[in-house]
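> Sequence and predicted structure below; questions after.
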Amino acid sequence: MRSSWKNFAGSWPTPDPGPQEARAAEVMGAMHEWLSERADEIRHPDPRLALSLGLFTTLQTIQTAVMLGRVPPALGLERFVDEQARMFRAYLGLAPGG
């Protein structure tokens, strides 16, 4: 699983990751593989790049907002996550709610 993480566009693993970082890379690789099953539905000009960069950006945004306690109060966490998913789907070129 780790080798697939290293090979897709948009991955930036460190040369000697610790156990948590290795697990995060494994999970990201699994999510990328799972999303790749719908690659034929992605309308972005470079589906593989869009999956990698979109997934990375979306998850980093959510993680940062939660860790720093910076979720917009008017949205709340659940709606914030829903909006992040909506932006990711739009970036991929998927139908809304698809």
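Thanks, I have the structure now. Since the model is a prediction, treat every value here as computed from it, not as a measurement.
> I'd like the distance between the closest residue to Phe80 other than its chain neighbours and Leu49.
Leaving aside its sequence neighbours, Phe80 sits nearest to Val71 (C-beta to C-beta, 6 or more residues apart in numbering; 5.0 Å). Every residue, glycine included, has its C-beta placed from N, CA and C. From Val71 over to Leu49 the distance is 28 Å, taken as C-beta to C-beta, to the nearest Å.
> Then Gln20?
From Gln20 to Leu49 the distance is 26 Å (C-beta to C-beta).
> So between those two, which is more surrounded?
Neighbour comparison, Gln20 and Leu49: the larger count goes to Leu49, with 13 against 8 (by other C-beta atoms under 10 Å).
> In terms of helices and strands, where is that one?
Taking DSSP states H and E as the definition, Leu49 sits inside helix 47-67.
> Could I get the buried residue list for that helix?
Using 16 or more other C-beta atoms under 10 Å as the test for burial, helix 47-67 gives 47, 50-55, 58-59, 62, 65.
> Between helix 47-67 and the helix or strand hosting Phe88, find me the angle.
If you go by DSSP H and E, Phe88 is part of helix 76-92. Counting by axes from the mean of the first three to the mean of the last three C-alpha atoms, to 10 degrees, helix 76-92 points 160 degrees away from the direction of helix 47-67.
> which strands and helices sit next to helix 76-92?
Secondary-structure packing of helix 76-92 (3 or more C-beta pairs under 8 Å, 6 or more residues apart in numbering; DSSP states H and E): helix 47-67.
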